[in-house]
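Participant: my questions concern the predicted model and sequence given below.
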There are 2 protein chains.
Amino acid sequence: MNQMSEPLIRTTLHDELVSRLRDMIFTGALRGGDRVPEQRLCDMLGVSRTPLREALKVLGNEGLLDLLPNRGARVAILSAEDIDEIFPVMGALEALSGELACARLSDTEFAEIRALHYQMALHHARRELQAYFKLNQQIHEAILKAAANPTLEAQYRSLAGRIRLARFRANMTETRWNQAMLEHEEMLTALQDRDGKRLSEVLRRHLENKRETVKQAIQDGAGEAHGVAVAYD
Amino acid sequence: MNQMSEPLIRTTLHDELVSRLRDMIFTGALRGGDRVPEQRLCDMLGVSRTPLREALKVLGNEGLLDLLPNRGARVAILSAEDIDEIFPVMGALEALSGELACARLSDTEFAEIRALHYQMALHHARRELQAYFKLNQQIHEAILKAAANPTLEAQYRSLAGRIRLARFRANMTETRWNQAMLEHEEMLTALQDRDGKRLSEVLRRHLENKRETVKQAIQDGAGEAHGVAVAYD
DNA sequence: CTATTGATTTTTGAATACAATTTAGTAGTC
DNA sequence: GACTACTAAATTGTATTCAAAAATCAATAG
């Protein structure tokens, strides 16, 4: 028998569009507050309005788009108030992910996270911001994965997506960066000890500080000067 | 002129359908695992397939429906594993709502919750289960409202909705009911003291116990004998 | 009798067509 | 010149149509 070369990942057009639009929002192809004429998007993506509209409804439900009846969809804009609203929820979810991760983490999983951590520490020492961000994100992803709770993961990603609506130049202060690194040290220790209580506390605090960084950043660059870099810590 | 009996709260058909379908799922008009032929639903609701399908996509994204490409939508079924997955997340969210509520609760808000509490205690003493459930739900709603965080509220409601997919006869053991009542006493105290830390702990524990009750219930009535009552504690 | 193949029916996916609402644009009046 | 009333264009909401996939079922081979 022939060896099934094709992955045959047959997805519906609708699903594809949800991902595509999400990406367009995250990469800034669709800017916050922009009106999104359906026909234009259809031409751009080469599909008819029907599946596109299905996708718009889903993204609206996720909070990435504002759907005004008879007046089209707009890319949602994130106010400082929204951030104050979202971060505590993300904090609670990430704290839980820390607890669960500690309860289930295997030694090999921990080893991987530790490796990521030291690599990140290196980038921190060299003041390589982008590389640091990348690793940082991978660490949080790894913890979330280790929690092994798809529902938690989905909820977290949804909120993280909304935060990404705020496009800003990621400029941490020196102090904040050092502090973040210290928090990560603490995380690693807590993970090593499988101390869920402590890890969840650190993650919460970490995210609390992150909120301030983000708010500062969007206030600085408010209105204009949208940075492309969205990663932050 | 004829007197417009219709409420005429003109929202889009799509939005209306999302609510309607949600209700149909919650009330059991659509049973878990049931296939949902689009045309049948359209006839039933008097709309065309287009807005209906938009609604299906949204509910699918929420986890209330399973959308199988080319094979239609099915009302999602909740396994015991799903419950173990969802409850911790709800616990984290409710714990946060407790903390936020304590931080913001006004005296009049507290008074209202206290009133609800005592009324519920009365129903508990009289062993009026349904009435107890009702009040119980109102109390949790009040705390959630007091937290004043729409994002948190939305996330919580989404998960609570998924839990409601599990239709079971709510039969608490005597012991569990008494325990739940004690936990509620503790909640009230914590609220009165505005002790967020304690309240969040109680809520977490409360939900943890609730999980066991629910799992027990769906195991007992697994497969058949779907109760109508979904409220529980 | 069972299993497999193939045609028929049903159901879903996507595109088009039509209706209703909003937006813009223009003319007219004060 | 600014404001209103009205008309036309554009955009969204909904229905219908067409195409593709899956489910059903009958016939045939083993």
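Facilitator: All right, it came through fine.

Participant: state the number of residues packed around whichever residue of chain A sits closest to DNA strand D.
Facilitator: In chain A, the residue that lies nearest DNA strand D is A:Gly72 (3.0 Å; C-beta to the nearest atom of the strand). Yep, even glycine has a C-beta here, placed from its N, CA and C like the rest. A count of nearby residues for A:Gly72, using other C-beta atoms under 10 Å in any protein chain shown, gives 14.

Participant: show me the contacts for the residue nearest to it when sequence neighbours are not counted.
Facilitator: Nearest residue to A:Gly72 in three dimensions, chain neighbours excluded: A:Arg35, at 5.8 Å (C-beta to C-beta, 6 or more residues apart in numbering or on different chains). A:Arg35 makes contact with A:Gly72, A:Ala73, A:Arg74, according to C-beta atoms under 8 Å, 6 or more residues apart in numbering or on different chains.

Participant: do A:Asp34 as well
Facilitator: Applying C-beta under 8 Å, 6+ apart, the residues contacting A:Asp34 are A:Arg74, A:Val75.

Participant: the residue of chain A closest to DNA strand D against A:Pro37, yeah?
Facilitator: Yes. A:Gly72 lies in contact with A:Pro37 (C-beta atoms under 8 Å); the separation is 6.8 Å.

Participant: quick check: beta-bridge partners of the residue nearest to A:Gly72?
Facilitator: A:Arg74 (DSSP bridges).

Participant: enumerate the residues of chain A near DNA strand C.
Facilitator: With C-beta under 7 Å from any atom of the strand as the criterion, chain A meets DNA strand C at residues A:Thr12, A:Leu13, A:His14, A:Val47, A:Ser48, A:Arg49, A:Thr50, A:Pro51, A:Asn70, A:Arg71.

Participant: please tell me how far A:Ala103 sits from A:Ser97.
Facilitator: According to C-beta to C-beta, to the nearest Å, A:Ala103 and A:Ser97 sit 11 Å apart.

Participant: quick one: which of the two has more around it?
Facilitator: Using other C-beta under 10 Å as the criterion, A:Ala103 and A:Ser97 rank with A:Ser97 on top: 27 against 12.

Participant: for A:Asp66, grab phi and psi.
Facilitator: With angles defined as degrees, to the nearest 10, A:Asp66 sits at phi -100, psi 120.

Participant: so which residues of chain A form strands?
Facilitator: A:35-36, A:65-68, A:72-75 (DSSP state E).

Participant: what does the second one rub up against?
Facilitator: With contacts defined as C-beta under 8 Å, 6+ apart, strand A:65-68 is touched by A:Ile25, A:Val36, A:Leu56, A:Lys57, A:Leu59, A:Gly60, A:Ala73, A:Arg74, A:Val75, A:Ala76.

Participant: same list (those residues) but as CSV, adding pLDDT and neighbour count.
Facilitator: Output for those, formatted as CSV (pLDDT from 0 to 100; neighbours: other C-beta atoms under 10 Å in any protein chain shown):
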residue, pLDDT, neighbour count
A:Ile25, 93, 23
A:Val36, 86, 19
A:Leu56, 97, 24
A:Lys57, 97, 27
A:Leu59, 97, 23
A:Gly60, 97, 19
A:Ala73, 95, 23
A:Arg74, 94, 18
A:Val75, 95, 21
A:Ala76, 95, 20
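
Participant: okay, these in JSON lines with distance to A:Arg162 next?
Facilitator: Shown next, in JSON lines, are the contacts of strand A:65-68 (distance: C-beta to C-beta, whole Å):
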{"residue": "A:Ile25", "distance to A:Arg162": "10"}
{"residue": "A:Val36", "distance to A:Arg162": "17"}
{"residue": "A:Leu56", "distance to A:Arg162": "16"}
{"residue": "A:Lys57", "distance to A:Arg162": "17"}
{"residue": "A:Leu59", "distance to A:Arg162": "11"}
{"residue": "A:Gly60", "distance to A:Arg162": "12"}
{"residue": "A:Ala73", "distance to A:Arg162": "15"}
{"residue": "A:Arg74", "distance to A:Arg162": "14"}
{"residue": "A:Val75", "distance to A:Arg162": "11"}
{"residue": "A:Ala76", "distance to A:Arg162": "7"}
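
Participant: nearest to DNA strand C among the residues you listed?
Facilitator: Nearest member of these to DNA strand C, counting by C-beta to the nearest atom of the strand, is A:Arg74, at 10.9 Å.

Participant: OK, contacts around the closest one?
Facilitator: Contact analysis of A:Arg74 by C-beta under 8 Å, 6+ apart lists A:Gly33, A:Asp34, A:Arg35, A:Val36, A:Leu65, A:Asp66, A:Leu68.

Participant: and the gap between the residue of chain A found nearest DNA strand C and chain B?
Facilitator: The minimum distance from chain A to DNA strand C, using C-beta to the nearest atom of the strand, falls at A:Leu13 (2.8 Å). Note on A:Leu13: its distance to chain B, by C-beta to the nearest C-beta, to the nearest Å, is 10 Å.

Participant: in contact with that residue, which residues?
Facilitator: With C-beta under 8 Å, 6+ apart, A:Leu13 has these contacts: A:Val47, A:Pro51.

Participant: dihedrals phi and psi, A:Ile77?
Facilitator: Torsion angles, degrees, to the nearest 10, at A:Ile77: phi -110, psi 150.

Participant: got the contact list for it?
Facilitator: Contacts of A:Ile77 (C-beta under 8 Å, 6+ apart): A:Gly32, A:Gly33, A:Leu165.

Participant: leaving out chain neighbours, which residue sits closest to A:His117?
Facilitator: A:Leu188 (5.1 Å).

Participant: let me fix that: A:Arg114
Facilitator: A:Leu188 (6.3 Å).

Participant: correct me, but A:Phe55 touches A:Leu21?
Facilitator: No Phe there; residue A:55 is Ala. Yes. A:Ala55 is within contact range of A:Leu21, at 5.7 Å (criterion: C-beta under 8 Å).
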